[in-house]
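J.: Could you look at this predicted model? Sequence included:
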Amino acid sequence: MKKAQKGDTVKVHYTGKFNDGTVFDSSKGREPLQFTLGRGSLIAGFEEAVSGMASGEAKTVSIQPGNGYGLRREELVFRVKKENFPPAIDPEPGAMLQMRQPDGGLMEVRISQVAEDFIVLDANHPLAGKELVFEIEVVEVS
């Protein structure tokens, strides 16, 4: 049976959990996730876990932040005075926004706090700094 290697198209079902068992994402009830192994379209730890697996194989892996979404970086958390916030946006904690960077690029940020005079924005990935546990089942390798 063919084992997944760099360049192969792989289909997997997965369930992503935190250490406490809380599920943050799953492909159950949907089409399997399809990707090309080694292209870097998924976090490194997930691709490493799938590498060498064959169709029908399943395993559970723990992925540290360095092989996941990275460590949380406090320099990506910043305050914006409410008066400088676009008036058309009603800021709600948890809302995702796009913000233009000085170089013209766009950056996704999450509103993490709304205070009387300021709003706290967080540009870290929501899963940054977290150990992730994935149950992975390979459906197909081609």
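T.: Yep, it's here. These figures come from a predicted structure and were not determined experimentally.
J.: From here on, just use CA atoms for contacts and neighbour counts.
T.: Fine.
J.: thought residue 41 was touching residue 35?
T.: Yes. The criterion here is Cα atoms under 8 Å, and residue 41 meets it with residue 35 at 7.4 Å.
J.: tell me which element the residue nearest to residue 135 when sequence neighbours are not counted is part of?
T.: Leaving aside its sequence neighbours, residue 135 sits nearest to residue 60 (Cα to Cα, 6 or more residues apart in numbering; 4.3 Å). For residue 60, the host element (DSSP states H and E) is strand 58-63.
J.: for whichever helix or strand comes after that strand, packing partners?
T.: Reading on from strand 58-63 to the C-terminus, the next helix or strand found by DSSP H and E is strand 77-81. The elements that strand 77-81 packs onto, with contact taken as 3 or more Cα pairs under 8 Å, 6 or more residues apart in numbering; DSSP states H and E, are strand 118-122.
J.: Kindly point out the strands partnered with the strand it packs on and how each is oriented relative to it.
T.: Here strand 118-122 is paired, per DSSP bridges, with strand 77-81 (antiparallel), strand 106-114 (antiparallel).
J.: buried residues in the strand holding residue 60?
T.: 58, 61-63 (16 or more other Cα atoms under 10 Å).
J.: Contacts for that strand, please.
T.: 45-46, 49, 131-138 (Cα atoms under 8 Å, 6 or more residues apart in numbering).
J.: can you map out the strands along this structure?
T.: Along the chain, counting by DSSP state E, strands occupy 9-17, 23-26, 33-36, 58-63, 77-81, 96-100, 106-114, 118-122, 132-141.
J.: what angle separates the first one from strand 58-63?
T.: Angle between the axes of strand 9-17 and strand 58-63 is 60 degrees (criterion: axes from the mean of the first three to the mean of the last three Cα atoms, to 10 degrees).
J.: With the last one instead?
T.: Strand 132-141 runs at 140 degrees relative to strand 58-63, counting by the same axes, to 10 degrees.
J.: so what does strand 132-141 touch, helix or strand wise?
T.: Packing contacts for strand 132-141, counted by 3+ Cα pairs under 8 Å, 6+ apart, involve strand 9-17, helix 44-50, strand 58-63.
J.: one more time with 10 Å
T.: Using 3 or more Cα pairs under 10 Å, 6 or more residues apart in numbering; DSSP states H and E as the contact definition, the elements that strand 132-141 packs against are strand 9-17, strand 23-26, strand 33-36, helix 44-50, strand 58-63.
J.: Okay then, goodbye and thanks.
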